[in-house]
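Q: Here's a sequence, model it:
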Amino acid sequence: MSELPEARSPAFGPELLELGRRDRAAACERLRGLAPAALARACQELRPRVRSEFLMLTDHPEQVVPLLPEAELAATILAGGMSEASWLLEIATPEQRVACLDLDAWQGDTLLPARVREWIDALMEAGRPTLVKALGEADLEFWLVSLRDMTDVCVIGKEDEPPTGWFTEDGVCYFQPVQDDDFARVKEIAGASFDGANPLYWSLVYGLLFESQAECQEYALRWRTNRLADLGFPELEAAMQAYRKLPLDEAPTWELDAAAGAALAPLPASQLPRQLRGSLLGEALGRLEPGRGADLLGYVLAVANALAVADGLRLSDSDSIPRALEKAVRGIDRGLRELAKQRQEPPERVLEETRPLDLFRIGATLDDTLRCERAPPADDEDDDSDSAGGDGLE
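A: As a prediction, this is how the structure comes out:
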């Protein structure tokens, strides 16, 4: 199989999809000549809402989907509509399925029951094997918190008459869904786990009967936070460092490891994210030695991820990270411009000497429009501290 070139302009994915719309047979034949990794790269070049259409042109989407980054699969499902979720979840990896829940079923540290229900429906549509796998892949505490919103559980002796409207899988523990439309969900989760993962079924039952909801919530959030860190999203306390005030004359210097980007190819301007094109930051990255710009771009993207967390954006929304990146570039641009002026150095030299995070902090200190967008807790509304106003944390 031939590989897709690493760098291609214009993007290859849109070209293949357009061919598929004109001549499906020709497109399918052309796609057969590409390795799964090449197809995954081409898929990511497309807007999330049309990726499912592209994947259905391939002979073996089950070889391509697992190669998509976890966040990219979540964006693909959500942009294309949850009606497309079931077949993608069926061929996804365990890590991808868990990431979909981590990214979309939470808003900050709050679990969103309506979103959980939609993912459960998609898993049910994907079939019992996929549902059972997902029940075992996500944290037990996540499912306990979610199911408590959907059902009551009690133990009924075999000699006792069960309450009306309750059902049982094992003859002892009975479930009563809270809402009528939750009946099918609870029934299928109970039945699928009892038949296909009996130890998991009893873990769910015992957890619903005896585990503290507050502790389950705490642990579910903790495990999710750790996984998001692996995806490049820092925990809230670390993310809020981006809004700590940093005066221009207190900017620390740093030294980027000279070997870090030495083996990387130059960063072509055409491959910069659109948010950087035409910016001072983008120009500075383009003037650096080969490989250095690509390495520094990773730090810029890390600032955007931190802002998405700090601002409380829905990490699964397709526009959240681009929106955070646009804000990061505006702040870094402002800090870079002012620091270059103060030091009387070219912007690219300042960029190599100063962390992108610190450049953003300088920009946010100077530009009040770059304040934190996260709403303060209700009991902090009258707090006059810096953190309550979102201007920064000291």
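
Q: C-alpha only now, for contacts and for neighbours.
A: Noted.

Q: Quick one: end-to-end distance for stretch 122-138.
A: 15 Å (CA to CA, to the nearest Å).

Q: how far out from the middle of the chain is it?
A: From the chain centre to the centre of stretch 122-138 is a distance of 20 Å (CA atoms, centre = their mean, to the nearest Å).

Q: and if you look at stretch 276-286?
A: Distance, centroid of stretch 276-286 to centroid of chain: 26 Å (CA atoms, centre = their mean).

Q: What are the buried residues along that stretch?
A: Neighbour counts over stretch 276-286 (16 or more other CA atoms under 10 Å) mark 276, 280-282, 284-286 as buried.

Q: again with stretch 32-48
A: 32, 34, 36-46, 48.

Q: What of stretch 202-211?
A: So, applying 16+ other CA under 10 Å, buried residues of stretch 202-211: 202, 204-205, 207-209.

Q: Would you mind putting the residues you listed into JSON lines with pLDDT, distance to Leu336 and secondary structure alongside?
A: Listed next are the buried residues of stretch 202-211 as JSON lines, based on pLDDT from 0 to 100; distance: CA to CA, whole Å; DSSP: H, G, I helix; E, B strand; the rest coil:
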{"residue": "Trp202", "pLDDT": "97", "distance to Leu336": "57", "secondary structure": "helix"}
{"residue": "Leu204", "pLDDT": "97", "distance to Leu336": "53", "secondary structure": "helix"}
{"residue": "Val205", "pLDDT": "97", "distance to Leu336": "56", "secondary structure": "helix"}
{"residue": "Gly207", "pLDDT": "97", "distance to Leu336": "53", "secondary structure": "helix"}
{"residue": "Leu208", "pLDDT": "96", "distance to Leu336": "53", "secondary structure": "helix"}
{"residue": "Leu209", "pLDDT": "96", "distance to Leu336": "57", "secondary structure": "helix"}
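
Q: of the residues you listed, closest to Leu315?
A: Leu204 (27.9 Å; CA to CA).

Q: Could you measure from the closest residue to the closest one other than its chain neighbours over to Thr369?
A: Closest residue to Leu204 apart from its sequence neighbours, by CA to CA, 6 or more residues apart in numbering: Leu144 at 6.6 Å. Distance, Leu144 to Thr369, by CA to CA: 41 Å.

Q: Would you confirm that the residue nearest to Leu204 contacts Leu209?
A: No. Counting by CA atoms under 8 Å, Leu144 does not reach Leu209; the two are 9.8 Å apart.

Q: Kindly reformat the buried residues of stretch 276-286 as JSON lines containing distance to Ile91.
A: Shown next, in JSON lines, are these (distance: CA to CA, whole Å):
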{"residue": "Leu276", "distance to Ile91": "35"}
{"residue": "Leu280", "distance to Ile91": "42"}
{"residue": "Leu281", "distance to Ile91": "40"}
{"residue": "Gly282", "distance to Ile91": "38"}
{"residue": "Ala284", "distance to Ile91": "42"}
{"residue": "Leu285", "distance to Ile91": "38"}
{"residue": "Gly286", "distance to Ile91": "39"}
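
Q: Please identify which of these is nearest to Leu307.
A: Taking the buried residues of stretch 276-286 together and measuring to Leu307 by CA to CA, the closest member is Leu276, at 16.2 Å.

Q: Distance of the closest residue to the closest one other than its chain neighbours relative to Val300?
A: The shortest distance from Leu276 to any non-neighbouring residue, by CA to CA, 6+ apart, is to Gly282 (4.9 Å). Per CA to CA, Gly282 is found 11 Å from Val300.

Q: Lys133: what's it in contact with?
A: By CA atoms under 8 Å, 6 or more residues apart in numbering, the contact set of Lys133 is Pro94.

Q: in what helix or strand does it lie?
A: helix 128-137 (DSSP states H and E).
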